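Asker: Structural data only, the sequence is not supplied:
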């Protein structure tokens with residue numbers, strides 16, 4: 001989801017974009033002007049070389065794991081999270097790409113902070129495997145880029161939501177909640193529902209990257225969020241107001257790897273760009289509209305078979 005929003009924003013800015021995706025572009029669709037799509041695995045040297053060759057900057061938005069789900073295969077998780085990144089870094093070195101943007105996690109890497117909001121200078125003390133792997137990736141980027149003279153900017157994004165978000169258990173509270181409301185399913189909430197999260201609209205994140213790629217004065221780390229905390233129970237109320245549907249909530253005990261509350265300090269971001277994040281209710285409304293349109297299209301395609 002983040003990757004597609006970034007691509008669309010870069011294209012609207014008039015830039016030439018190459019995207020490497022594990023999934024093919026929509027069959028029969030006409031590619032937007034300026035876009036080149038390569039389908040494959042970032043760990044395949046020849047595929048990666050084709051994608052990186054000639055690129056000035058690289059945006060790394062490859063997903064790796066789910067914050068709220070403990071993995072039964074930690075060794076595979078390490079490979080999945082770090083091997084593609086290392087391959088990208090080596091390819092950037094080989095093809096003289098000058099800067100990397102890496103999407104990290106603004107929720108998981110900080111763990112349970114002692115105070116809110118958390119700035120880029122706050123301790124990173126993750127309590128989940130997902131957060132540990134994101135932090136390990138950040139550290140590897142810092143080391144590798146220092147050795148090989150590559151610039152980088154780590155984007156510690158809050159809870160990103162919006163159109164096109166994949167439905168994965170334990171990931172994407174807004175989309176999960178909207179779908180639960182639409183299907184009249186019970187929503188599982190771990191804890192009392194008062195813990196805070198910082199929800200940021202994916203379209204805003206894409207817009208931001210399109211602004212940052214033209215800047216030469218970027219910090220090495222940047223919180224990307226709204227600076228406003230919203231509880232799960234507050235989000236339930238917003239979803240109910242937007243959809244007109246009831247969300248049934250079932251509370252369960254909080255788990256050891258669940259962050260209680262995290263809200264990001266965005267002072268550094270506001271000093272860089274004129275950042276006006278989409279209000280949460282407006283973003284939820286847009287996400288709901290697209291979910292309903294997507295469902296309608298699926299029904300129409302099914303009826304035409």
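Answerer: Right, received. Where do you want to start? Note that this is a predicted model, so its numbers are computed, not measured.
Asker: pLDDT on stretch 116-130, on average?
Answerer: In this model, stretch 116-130 has a mean pLDDT of 96.
Asker: right, I mislabeled it, should have said stretch 239-256
Answerer: 96.
Asker: For that stretch, buried residues please.
Answerer: 239, 242, 243, 247 (16 or more other C-beta atoms under 10 Å). C-beta here means a position set from N, CA and C on the backbone, and glycine is covered the same way.
Asker: contact partners of it?
Answerer: Outside stretch 239-256, the residues within contact range by C-beta atoms under 8 Å, 6 or more residues apart in numbering are 68, 127, 174, 177-178, 180-182, 184-193, 233, 236, 260, 281, 284-285, 288.
Asker: Quick check: PyMOL command selecting the buried ones in those residues.
Answerer: The PyMOL command for the buried members of the contacts of stretch 239-256 (criterion: 16+ other C-beta under 10 Å) is given here:
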select buried, resi 68+127+174+177+178+180+181+187+189+190+191+236+284+285+288
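Asker: Which ones among the contacts of stretch 239-256 lie within strands?
Answerer: 186, 187, 188, 189, 190 (DSSP state E).
Asker: any idea how far the third one lies from residue 251?
Answerer: Put plainly, it is residue 188. For residue 188, the distance to residue 251 equals 8 Å [C-beta to C-beta, to the nearest Å].
Asker: which stretches of the stretch 101-250 of the chain form strands?
Answerer: With strands called from DSSP state E, counting those that start in this stretch, the stretch 101-250 of the chain shows them at 151-157, 159-161, 186-190, 196-197, 199-201, 221-224, 230-231, 248-252.
Asker: Would you mind listing where the stretch 51-200 of the chain has pLDDT under the threshold?
Answerer: Applying pLDDT under 70 to the stretch 51-200 of the chain flags the ranges 64-71, 166-171.
Asker: now with 80?
Answerer: Applying pLDDT under 80 to the stretch 51-200 of the chain flags the ranges 63-73, 164-171.
Asker: Rebuild the strands of the stretch 101-250 of the chain as TSV, extending it with distance to residue 106.
Answerer: Formatted as TSV, these follow (distance: least, C-beta to C-beta, whole Å):
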stretch	distance to residue 106
strand 151-157	4
strand 159-161	8
strand 186-190	20
strand 196-197	10
strand 199-201	9
strand 221-224	6
strand 230-231	14
strand 248-252	25
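Asker: Of all these, which one is nearest residue 119?
Answerer: When the strands of the stretch 101-250 of the chain are compared by C-beta to C-beta, strand 221-224 sits nearest residue 119, at 7.1 Å.
Asker: Quick check: neighbours of the closest one in the sheet, parallel or antiparallel?
Answerer: strand 151-157 (parallel) (DSSP bridges).
Asker: buried ones in the strand it pairs with?
Answerer: Buried residues in strand 151-157 (16+ other C-beta under 10 Å): 152, 153, 154, 155, 156, 157.
Asker: from those, which two are the most distant?
Answerer: 152 and 157, at 15.3 Å, using C-beta to C-beta across the buried residues of strand 151-157.
Asker: rewinding a little: nearest to residue 109, of the ones in strands among the contacts of stretch 239-256?
Answerer: Taking C-beta to C-beta as the measure, residue 190 is the one of those closest to residue 109, at 19.6 Å.
Asker: Okay, and the beta partners of that closest one?
Answerer: Where residue 190 sits in a bridge, its partners, by DSSP bridges, are residue 252.
Asker: contacting residues around it?
Answerer: 68, 251, 252, 253, 254, 255, 258.
Asker: That one and residue 263: what is the separation?
Answerer: 18 Å.
Asker: And residue 55, by the same measure?
Answerer: Per C-beta to C-beta, residue 55 is found 34 Å from residue 263.
Asker: and if you look at residue 102?
Answerer: 22 Å.
Asker: What of residue 30?
Answerer: Applying C-beta to C-beta, the value for residue 30 to residue 263 is 42 Å.
Asker: Those two: which is more packed in?
Answerer: residue 263 (23 against 7; other C-beta atoms under 10 Å).
Asker: Who are the contact partners of the closest residue to that one other than its chain neighbours?
Answerer: In space, and not counting its chain neighbours, residue 263 is closest to residue 229: 3.8 Å by C-beta to C-beta, 6 or more residues apart in numbering. With contacts defined as C-beta under 8 Å, 6+ apart, residue 229 is in contact with 116, 117, 196, 197, 198, 261, 263.
Asker: Now rank the residues you listed by neighbours and give me the top one.
Answerer: In the contacts of residue 229, the most neighbours by other C-beta under 10 Å go to residue 198, 29 neighbours.
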